[in-house]
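Undergrad: Below: sequence and its predicted model.
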Amino acid sequence: MAETVSMPKLGFDMAEGTLVRWVKGEGETINKGDVLAEIETDKATVEVESSASGVVLKHLVDQGAVVPVSTPIAVIGEAGENPTVDRGPETVSAPQPVSTERTQEGLAPIPSEISPAESPSTVHGQPSIVKASPLAKKIARDKSIDLGKIVGTGPGGRIVRRDIESALSSQPSAVSVQPAQPAYQLPITPAADDETIQPSRLRLAIGRRMTEAKQTVPHFYVTREYKMEAVMDMRAQINAILPEGEKLSVNDFLVKALALALRRFPNLNASLAGDKVVRHGAVNVGVAVAVEGGLLTVVCQDADRKPLRQISSEVRAMAGRARDGKVKPDDIEGSTVSISNLGMYDVDEFIAIINPPEAAILAVGAAKQVPVVENGEIKPGWRMKATLSVDHRVSDGAEAAQFMQALAEFIEEPLRLLV
Amino acid sequence: MREAISQALMEEMDRDPAVFILGEEVGVWGGTYAVTKGFYDKYGPERVKDTPIAENAIIGAAIGAAMVGQRPVAELMTINFAFAAMDYIVNQAPKLHYMFGGQFKVPMVIRAVGGGGRQLGATHSQTPDAIFAHFPGLKVVSPGTPEDAKGLLKQAIRSDDPVLFIEHATMYQVRGDVPDEEYTIPIGKSKIQRPGSDVTIVTYCKGLELSMKAADELAGQGIQAEIIDLRTLRPLDMEPVLESFKKTNRAVIVEEGWKSYGVGAEVASRIYEEAFDYVDAPILRVAQKEVPLPYNRTLEQSALPQVPDIVAAVKEVLK
């Protein structure tokens, strides 16, 4: 009996995923648990494991297709079996193969000359349809925009008005001023043409979430400087006894310090849910990781209860998977607070945007050797600045400042992180 | 609402001696929903006529009286009983003027009580408005506020065409301001009951009450819904609907009747036909579940459209 494998739902807000690559081709043997395909969600590229053993009888969607969750993507069965597809209740949203020819005729800027000889026979490759609302199509026609180059954010990837409008606003306005001929020309290479690129789904998702956060969450910011001598010393001592590849970063200390300090401030380890504040029982620290084309937050669960070395190895492993685009759903779900560290780029300080529905995020600059005044004397010291962004609907400046003070206890007396 | 309808009837009876009322229990008893309470004492049995329990006779008599110059207001205890008089309502009254060279006019009003929510069972709780709105020649009015009810009923009584005036059984207690001075409201004019910019909700009668509540809830979430009250199903005034839709590009239609072949189907179709290039998302309909309305209160309420259904539909079209 053939079984269908469906687009998995990874994370509560996942509505669809892009089938990036078929790992097992039609006709190949597959065991339950083997990787069948790679899908890309808003957050990451994830491998889909087969839920059945047998032979891949049929791929139901093409590579590159955007597929709603729960939609069947492949049929697994016995060799020679005729694949019957139970498309389930979601048939309406299943991708429909439609000739690209028709699509482009209807949607793209109308070509001045249509050669009938080039009709259907020249259509090759994967069938796809540009899904767009009538309004989006009309605006695209009026403004001569190629809908094929726009990513839809409506249901099922439909292009709607806002997508066209954002594409329009990002287009440079046409300037047709003829520059005056210069007296002489320097032998330099001419400026390159403008390049329009298609942002990745991750980039678009970050854009949506951050726009939402910055527009709807009333942020305020509290910055404080921390004495880093003790942490730097302790780190040097610990790293001296740890093998290569397992050495602790300053950030590992900060993750633990943040988690322990938050234990004293349950109001900041919280999420706004409607008109209620949910104070989370666990302290799960999201660590921002730069990846190609964007950033991901990998989550160190229960960071307040884990030893530094475990935090370090977990974050290292998750960050590695994030950079390789192989992150697991568990790696990126469930953070209750976040930390973003640009210290490695020698940044003094910066402020971060809260990652909803969290209530706070800590933005950390570099630990630097600077002149400090102690007992009226100038001497060299290690200092680091950190800025806490807080949701004003949840907390106020005084509480945030007290939190930053508590954080100082853990950072400046790092033995507290060990006991 | 009850008082507004009573006022309209009384004012028109005072104004025009040709206006009279007939129906079951409208006289001595004062009307099943007490709309004509006191009328019998004031106007007497000649102008407030209790009839046998025979809807075809009520409407038939009203049509005859209207053809010879009277202005009858026939009351149907519930619109569900209109089916017993279907031939008169849809096959005689709307057609007489057209089939006999304009010799006759039928200036008749049928007041009928419709809608569910009072645990009256499947046969007494229907909202068959769309059926009647299907027939050219019959005007169908169904107000959602006391002000509109009064103004539209007065205009209906003055109309030379047969008018089916549908009141909702659960809305007689609805309160609302009614102008002190004499006024009428033209039949066939939709109205913006609440301005907004994000989504258009098209509705009427009970749907208006629900939509206003939904709009309040949505406003709390930053969504400004514009509510268009059709008020009249035939003739259907699409102008404010189209104008609103061209602004919002997204619409939800709310009606109490069943979704299939309903008012929402008509309105959505007209939007698609007349404003296709403004459509940014599929138009959704919120309507009664496709079952004979259950008697059990919980089941009845779950089959009827509710505020959360409207909120959910609005969020869906805004995706």
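TA: Everything's here; your move.

Undergrad: Show me which residues of the stretch 101-250 of chain B sit near chain A.
TA: residue B:249 (CB under 8 Å from any CB of the partner chain). Yep, even glycine has a C-beta here, placed from its N, CA and C like the rest.

Undergrad: ok, which stretches of the stretch 101-250 of chain B are helices?
TA: Using DSSP state H, counting those that start in this stretch, the helices of the stretch 101-250 of chain B run over residues B:129-133, B:146-158, B:206-220, B:239-248.

Undergrad: ranking those helices by burial, who's on top?
TA: By mean neighbour count, with neighbours taken as mean count of other CB atoms under 10 Å in any protein chain shown, helix B:146-158 ranks first of these at a mean of 24.

Undergrad: Can you spell out the domain ranges of the chain, please?
TA: You didn't pick a chain, so chain A it is. Segmentation of chain A into domains, based on automatic domain parsing, reads A:3-93, A:100-113+A:124-168, A:206-417.

Undergrad: switch to chain B, that's the one I care about
TA: Following automatic domain parsing, chain B resolves into domains at B:2-168, B:191-317.

Undergrad: related to what we said a few turns ago, which one of the helices of the stretch 101-250 of chain B lies nearest to residue A:382?
TA: helix B:206-220 (49.4 Å; CB to CB).

Undergrad: Give me the residues contacting that closest one.
TA: For helix B:206-220, contacts defined as CB atoms under 8 Å, 6 or more residues apart in numbering or on different chains pick out B:115, B:117, B:127, B:144-145, B:168, B:170-171, B:174, B:193-194, B:196, B:201, B:203, B:224-225, B:227, B:229, B:254-256, B:286, B:305-307, B:310-311, B:314.

Undergrad: Measure how it sits relative to helix B:146-158, angle-wise.
TA: 150 degrees (axes from the mean of the first three to the mean of the last three CA atoms, to 10 degrees).

Undergrad: average pLDDT for helix B:206-220?
TA: On average, the pLDDT along helix B:206-220 is 97.

Undergrad: And the helices in the stretch 201-350 of chain A?
TA: Ranges of helices within the stretch 201-350 of chain A are A:201-216, A:229-241, A:250-263, A:308-323, A:329-332, based on DSSP H, counting those that start in this stretch.

Undergrad: and the angle from the third one to helix A:229-241?
TA: What that stands for is helix A:250-263. Taking the same axes, to 10 degrees, one finds helix A:250-263 and helix A:229-241 inclined to each other by 120 degrees.

Undergrad: can you count the residues close to residue 202?
TA: Defaulting to chain A. 21 (other CB atoms under 10 Å in any protein chain shown).

Undergrad: should've been chain B
TA: 30.

Undergrad: Next up, the contacts around it.
TA: By CB under 8 Å, 6+ apart, the residues touching residue B:202 are B:228, B:230, B:241, B:251, B:252, B:253, B:254, B:264, B:267.

Undergrad: related to what we said a few turns ago, could you check the helices of the stretch 101-250 of chain B and tell me which one is nearest residue A:47?
TA: Closest approach to residue A:47 among these (CB to CB): helix B:206-220, 40.0 Å.

Undergrad: After the lowest-mean-pLDDT helix or strand in chain A, heading C-terminal, what element do we hit next?
TA: Across the helices and strands of chain A, the lowest-confidence element by mean pLDDT, DSSP states H and E is helix A:100-107, at a mean of 38. Moving toward the C-terminus from helix A:100-107, the next helix or strand (DSSP states H and E) is helix A:134-143.

Undergrad: pLDDT value on the nearest residue to residue A:246 once chain neighbours are set aside, please?
TA: Nearest non-adjacent residue to residue A:246, counting by CB to CB, 6 or more residues apart in numbering or on different chains: residue A:313, 6.5 Å away. For residue A:313, the pLDDT comes out at 94.

Undergrad: Count the neighbours of residue A:313 for me.
TA: Residue A:313, neighbours per other CB under 10 Å, totals 16.

Undergrad: where's it relative to residue A:306, distance?
TA: Shown here: residue A:313 relative to residue A:306, a distance of 10 Å by CB to CB, to the nearest Å.

Undergrad: Just the buried ones from the contacts of helix B:206-220, in PyMOL syntax?
TA: Selection of the buried residues among the contacts of helix B:206-220 in PyMOL, burial being defined by 16 or more other CB atoms under 10 Å in any protein chain shown:
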select buried, chain B and resi 115+117+127+144+145+168+170+171+174+193+194+196+201+203+225+227+229+254+255+256+286+305+307+310+311+314
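
Undergrad: Would you point out which residue of the stretch 101-250 of chain B is nearest chain A?
TA: residue B:249 (5.4 Å; CB to the nearest CB).

Undergrad: residue contacts, the closest residue to that residue other than its chain neighbours?
TA: Of all residues not flanking residue B:249 in the chain, residue B:280 sits nearest, at 3.7 Å (CB to CB, 6+ apart). Each residue near residue B:280 by CB under 8 Å, 6+ apart is listed here: A:133, A:134, A:135, A:136, A:154, A:160, A:161, B:249, B:250.

Undergrad: what kind of secondary structure is residue B:280 in?
TA: coil (DSSP: H, G, I helix; E, B strand; the rest coil).

Undergrad: Verify the contact between residue A:388 and residue A:362 for me.
TA: Yes: with contact defined as CB atoms under 8 Å, residue A:388 and residue A:362 form a contacting pair (5.3 Å).

Undergrad: Now that we're looking at residue A:88, what pLDDT does it have?
TA: Predicted confidence (pLDDT) for residue A:88: 43.

Undergrad: returning to what we had before: which of the contacts of residue B:280 lies closest to residue A:283?
TA: The closest of those to residue A:283 turns out to be residue A:154 (CB to CB; 37.1 Å).

Undergrad: one step back: check the gap between the residue nearest to residue A:246 and chain B for me.
TA: According to CB to the nearest CB, to the nearest Å, residue A:313 stands 41 Å off from chain B.

Undergrad: Equivalent analysis for residue A:138, please.
TA: 4 Å.

Undergrad: Could you do residue A:209 as well?
TA: 16 Å.

Undergrad: What count of nearby residues applies to the spatially closest residue to that residue that is not a sequence neighbour?
TA: Residue nearest to residue A:209 in three dimensions, not counting chain neighbours: residue A:356, with 6.9 Å by CB to CB, 6+ apart. Residue A:356 sits with 15 neighbouring residues when counted by other CB under 10 Å.
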